[in-house]
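Peer 1: What would the 3D arrangement of this be:
(one chain, ligands or ions: 1)
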Amino acid sequence: MDNSTILKSSSITSGDNVSFWIDTTPIISFNKPNQDIQTEVLIIGGGIAGLTTAYKLLKAGKKVILVEDGFIGSGETGRTTAHLTCALDDRYYFLEDTFGEETIKLAAQSHAAAIDEIEKIGINLNINCSFKRVNGYLFLHPTDKEENLDKEFHATQKAGLRTTLLKGIPALANCEKRRCVAFSNQAQFHVLDYLKGLADAIILLGGTIYTEAHATAITKKGAKVNGYTFSADHIVVATNTPINDTLTMHTKQHAYRTYVIAGKIPKGKLPYSLWWDTGDQESKWFSQPYHYVRLENYDDKYDLLIAGGEDHKTGQADEENILESERYERLEAWTRNYFPMLDDISYRWSGQVMEPLDSLGSMGKNPGDDNIYIITGDSGNGMTHTTIGAMIICDSIMGIKNKGKICIVLQE
Ligand SMILES: Cc1cc2nc3c(=O)[nH]c(=O)nc-3n(C[C@H](O)[C@H](O)[C@H](O)COP(=O)(O)OP(=O)(O)OC[C@H]3O[C@@H](n4cnc5c(N)ncnc54)[C@H](O)[C@@H]3O)c2cc1C
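Peer 2: As a prediction, this is how the structure comes out:
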């Protein structure tokens, strides 16, 4: 990457604490804008949504410019836990009740297709991002009912997923008698290594990336970026929550803050897998907080166990009288109960997820616009959701009819 440099700065991530991914990846930065620009596609946002869309459109032959306010991955993508899964965090039986069987099949196929797409991109670009196929295990939160696990298993089968109902939750302490739904062929990766590979490919394909480039005044003609006029035929707003609209999409989703801890465990003690509980059914929050756990390679001797959860609606932690520091403590206690081999905690960070009211995200044309596109409402499935968004938007801009409405395609 010719024009990227390694920087250290306090604005490398949208939070006070640094995630494992940010800590282990050199900052990915590019030039700042210095003139007016004309392009075919302007992409705003340098997270997984923006970079995947940029890469796919460049491959399809479009002229693309991407602008990022901070550095590449400095938004929520740098603060994720990067499970790649079709185990959606709002249950399939709930989605079936709301949308019907055809939609859950489409949702399952779409998230599986997104995992395949990430794997394919990684292979084609030779990105060393520790992509691994793993199993995922969904087990009951103590407040949830046994029958709901059966319901979820049957719904995932109807959705066409390769799932099994297991007795015993693999690798969790004292869980031999508890059941789980096992999802095969899920995946995980090092998300910032993946973004670095995508950014390299964007430059090689003739695209331009600007960092420390703040977009404002977005219209169907383009945007102002650090005061310069960036004109484009198509504008993709990949800013996690849309910044081009102050009303429509903001009434359709809520921001939740979610917390993560990570600590070493001796290598080989646990299999590389994904684990999730079904969430606190007694929670006061509409999106019931659940726990999510995975491993990542740390060094020759250790893996890193990464566990998340203890969410609350952003800005409303006070309503539960649980301080941020207590959230980390509760998460650690929960994690040690199931993974007693966990060493000292090496990382703590938090981030924000956008929870859509109807449980399925939004991607495609912005309501009322013909050439402005958005990807938002990712929930805790944003790695796959944004990849699906990139696929749909690329098809839409290229005039290719997409096979189906995967989440809510706002307009076709
Ligand atoms: C703790 C945590 C754990 C998670 N775990 C998982 C998981 O295991 N699996 C999963 O699938 N998903 C997970 N998610 C969700 C997933 O990480 C996000 O949905 C996804 O990273 C969103 O990517 P994005 O590209 O849409 O947004 P972002 O990564 O936030 O990128 C948007 C970018 O837009 C930039 N931007 C904003 N405004 C402007 C502007 N005006 N001008 C220019 N640039 C601008 C921002 O700086 C930012 O970098 C998790 C999220 C969190 C917080």
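
Peer 1: show me where this protein has helices.
Peer 2: 20-23, 48-59, 92-99, 101-124, 146-158, 191-204, 324-338, 382-397 (DSSP state H).

Peer 1: In TSV, list the ones you listed along with mean pLDDT, mean neighbour count and distance to residue 285.
Peer 2: (Glycine included, C-beta is placed from N, CA and C.) Compiled in TSV, the helices of the chain are given as follows (pLDDT from 0 to 100; neighbours: other CB atoms under 10 Å; distance: least, CB to CB, whole Å):
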stretch	mean pLDDT	mean neighbour count	distance to residue 285
helix 20-23	96	21	26
helix 48-59	98	27	25
helix 92-99	95	18	15
helix 101-124	96	19	22
helix 146-158	98	17	18
helix 191-204	98	22	26
helix 324-338	95	16	13
helix 382-397	96	25	18
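
Peer 1: Residue 173: which of the ones you listed is closest?
Peer 2: Residue 173 lies closest to helix 324-338 among the helices of the chain, at 5.7 Å (CB to CB).

Peer 1: Quick check on the nearest residue to residue 277 once chain neighbours are set aside: phi, psi?
Peer 2: Among residues not flanking residue 277 along the chain, residue 141 sits closest, at 4.5 Å (CB to CB, 6 or more residues apart in numbering). Note on residue 141: backbone dihedrals following degrees, to the nearest 10 are phi -70, psi 150.

Peer 1: And the residue in the chain that the ligand sits nearest to, how close does it get to residue 86?
Peer 2: Residue of the chain nearest the ligand, by CB to the nearest ligand atom: residue 382 (1.7 Å). Per CB to CB, to the nearest Å, residue 382 is found 14 Å from residue 86.

Peer 1: how's the protein carved up into domains?
Peer 2: 20-80+192-250+359-409, 83-190+253-356 (automatic domain parsing).

Peer 1: measure the longest one end to end?
Peer 2: Meaning domain 83-190+253-356. Its first and final residues considered, domain 83-190+253-356 spans 19 Å by CA to CA, to the nearest Å.

Peer 1: Keeping just the C-alphas, turn stretch 331-340 into CSV.
Peer 2: Output of stretch 331-340 as CSV, limited to C-alpha atoms (Å, rounded to 0.1, in the frame of the first residue of the first chain):
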residue,chain,number,x,y,z
LEU,A,331,-19.0,-10.4,32.3
GLU,A,332,-15.8,-11.7,33.8
ALA,A,333,-17.7,-13.6,36.5
TRP,A,334,-20.0,-15.1,33.9
THR,A,335,-17.0,-16.1,31.7
ARG,A,336,-15.0,-17.7,34.5
ASN,A,337,-18.0,-19.8,35.5
TYR,A,338,-18.0,-21.5,32.1
PHE,A,339,-14.3,-21.1,31.3
PRO,A,340,-12.4,-21.5,34.6
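
Peer 1: quick check, that stretch touching the ligand?
Peer 2: No. Applying CB under 6 Å from any ligand atom, one finds stretch 331-340 separated from the ligand by no less than 11.0 Å.

Peer 1: For that stretch, give me every contacting residue.
Peer 2: Residues outside stretch 331-340 that contact it (CB atoms under 8 Å, 6 or more residues apart in numbering): 172-173, 175, 259-261, 265, 270, 275, 291, 293, 305, 307-310, 342, 345.

Peer 1: at 6 Å what do you get?
Peer 2: 172, 173, 259, 261, 291, 305, 307, 309, 310, 342 (CB atoms under 6 Å, 6 or more residues apart in numbering).

Peer 1: which residues of the stretch 201-350 of the chain score low on pLDDT?
Peer 2: Applying pLDDT under 70 to the stretch 201-350 of the chain picks out residues 246-247.

Peer 1: can you map out the strands along it?
Peer 2: Using DSSP state E, counting those that start in this stretch, the strands of the stretch 201-350 of the chain run over 208-210, 215-219, 222-225, 228-237, 253-266, 273-277, 292-297, 302-313, 345-356.

Peer 1: Need those strands in a markdown table (columns: distance to the ligand and mean neighbour count).
Peer 2: Below are those laid out as a markdown table (distance: least, CB to the nearest ligand atom, whole Å; neighbours: other CB atoms under 10 Å):
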| stretch | distance to the ligand | mean neighbour count |
| --- | --- | --- |
| strand 208-210 | 9 | 23 |
| strand 215-219 | 4 | 17 |
| strand 222-225 | 7 | 21 |
| strand 228-237 | 9 | 21 |
| strand 253-266 | 5 | 20 |
| strand 273-277 | 8 | 23 |
| strand 292-297 | 6 | 22 |
| strand 302-313 | 5 | 23 |
| strand 345-356 | 2 | 21 |
